[in-house]
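Student: Quick one: sequence plus predicted model below, questions after.
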Amino acid sequence: MLSRIIKIAWRSVGVVTFSSAFCLAQNPAPTLPPVLDVHVHAMDESFPSPGGICPNTAKFLASDPDTKEAPFGWSPEECTPRLYASAKGQYIKDVVAEMERLNVTAVVFGDPKSVQKWRDAAPDRVIPGTSFSDGVGPGQRVPLDELRKDFTTGGFKVMGEIGLQYEGISPSDPSVDAYFALAEQLDIPVAIHMGTGGSGRANVASPKFRGSMGNPLLLEELLARHPKLRVQVMHAGYPMMDNMLTLLQANSHVYVDVAGLIWSYPIKEVNRYIQRLVEAGFEDRVMFGTDQLEWPKLMAYSISIIQNADYLTPEEKRDVLYNNAARFLRLPPAPTR
Ligand SMILES: [Zn+2]
């Protein structure tokens, strides 16, 4: 759910010609263990990204309302590697090549037409997801019957990304309950944006966004109304750890993903947050995700954060990178070698 902010950001720096810096040779032997990325967006273009970006920047900078304020607060930094956007027309191809190279299958969210392009590009590696927001305008909804068709005959498997927080609406709001009732009835898991947002500048770029509407405990009423609903708390409710743990201990149908969070906050903080989730006893609910929407190499970069986590055992890394999501999505377990 960072795409809107990023679009604004690139627009604000003007159109810049850009050639892809990444045309690396693919690994010849696809022997890597499988990875499930439960949080990818069905964009079909990168936006011009002059000079690339640094992930895990150390600060969110203050801004002065009397100046022209950037739409995100990430501090400008030097870093290696930088992440670069794709050349025009190459984004889907570049990301799919990375998915092949890294043996990634991804849940790809978007409107049905956008997701179809990804299904066509990588039919064996895309799990399609769609939701009830129609465009980015607040309150614009897909008709219930249309969404029902997407899940009953259109092959969609997950309802998401549900971005009510960007509208300042609670996930338990009665106005959207019929959609969650549909998901429960059809046994479709739902993926709800909770916690992060605005990249330090929601006040500038997303004025309807409310941090308070990302409180994980706002899911309690929804879960009580729909006791069989399976919920993916996107971005793990960051930074509301205590409330996230409270919800996890109170409801065993709730999982979290670490997408977005994993690359857009300071790295020590990211690792502390994931470590706390695991050490509090919820290792089997933490799912890997990227929030992939701009930079093809983000997937490899984000996987490396889990692979390099010294607080996770090799088995726990596999659980986060694949097994937990496979269980949540009811996919077959990873083949043992
Ligand atoms: Zn999101």
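Tutor: Right, received. Where do you want to start?
Student: can you give me phi and psi for A42?
Tutor: Dihedral angles phi and psi of A42 (degrees, to the nearest 10) take the values phi -80, psi 50.
Student: quick one: the nearest residue to it once chain neighbours are set aside and the ion, what's the gap?
Tutor: Excluding the flanking residues, the one nearest A42 by C-beta to C-beta, 6 or more residues apart in numbering is G110, at 3.0 Å. (Glycine included, C-beta is placed from N, CA and C.) According to C-beta to the ion, to the nearest Å, G110 stands 13 Å off from the ion.
Student: Please apply the same query to P76.
Tutor: P76 sits 24 Å away from the ion, going by C-beta to the ion.
Student: How about P216?
Tutor: Taken as C-beta to the ion, the span from P216 to the ion is 14 Å.
Student: surely that residue meets M241?
Tutor: No. The criterion here is C-beta atoms under 8 Å, and P216 misses it with M241 at 9.3 Å.
Student: For the stretch 151-300 of the chain, which segments are assigned as helices?
Tutor: 177-186, 202-205, 219-225, 241-250, 261-264, 267-277, 298-307 (DSSP state H, counting those that start in this stretch).
Student: Ranking these by mean neighbour count, which comes first?
Tutor: Comparing the helices of the stretch 151-300 of the chain on average neighbours per residue, with mean count of other C-beta atoms under 10 Å, the densest one is helix 261-264 at a mean of 24.
Student: Quick one: mean pLDDT over that one.
Tutor: What helix 261-264 shows for mean pLDDT is 96.
Student: Show me what counts as buried in stretch 58-72.
Tutor: 60, 63, 69-72 (16 or more other C-beta atoms under 10 Å).
Student: To clarify, my last question referred to stretch 72-90.
Tutor: In stretch 72-90, counting by 16+ other C-beta under 10 Å, buried: 72-74, 82-87, 90.
Student: Tell me the one of the buried residues of stretch 58-72 nearest the ion?
Tutor: F72 (14.3 Å; C-beta to the ion).
Student: which SS state does that closest one fall under?
Tutor: Recorded secondary structure, F72: coil (DSSP: H, G, I helix; E, B strand; the rest coil).
Student: quick one, phi psi at the nearest residue to it once chain neighbours are set aside?
Tutor: Using C-beta to C-beta, 6+ apart and skipping residues adjacent in sequence, the residue nearest F72 is S199, 3.7 Å away. Per-residue torsions, S199: phi 50, psi 40 (degrees, to the nearest 10).
Student: Surely S199 touches G73?
Tutor: Yes. S199 lies in contact with G73 (C-beta under 8 Å); the separation is 6.2 Å.
Student: what pairs with the closest residue to the ion within the stretch 51-200 of the chain across the strands?
Tutor: Nearest to the ion in the stretch 51-200 of the chain, going by C-beta to the ion, is H193, at a distance of 3.7 Å. Beta-bridge pairing of H193 under DSSP bridges involves M234.
Student: dump the residue contacts of it.
Tutor: 1, 161-166, 214, 234-235 (C-beta atoms under 8 Å, 6 or more residues apart in numbering).
Student: Can you pick out the ones from the buried residues of stretch 72-90 that are in strands?
Tutor: The members of the buried residues of stretch 72-90 all map outside strands under DSSP state E.
Student: In these, find the pair that's most separated.
Tutor: Put simply, by C-beta to C-beta the two of the buried residues of stretch 72-90 set farthest apart are G73 and Q90, 29.2 Å from each other.
Student: ok so, going back, kindly reformat the contacts of H193 as CSV and extend each row with distance to V40.
Tutor: Converted to CSV, those look like this (distance: C-beta to C-beta, whole Å):
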residue, distance to V40
M1, 12
E161, 10
I162, 15
G163, 15
L164, 20
Q165, 19
Y166, 18
G214, 20
M234, 12
H235, 14
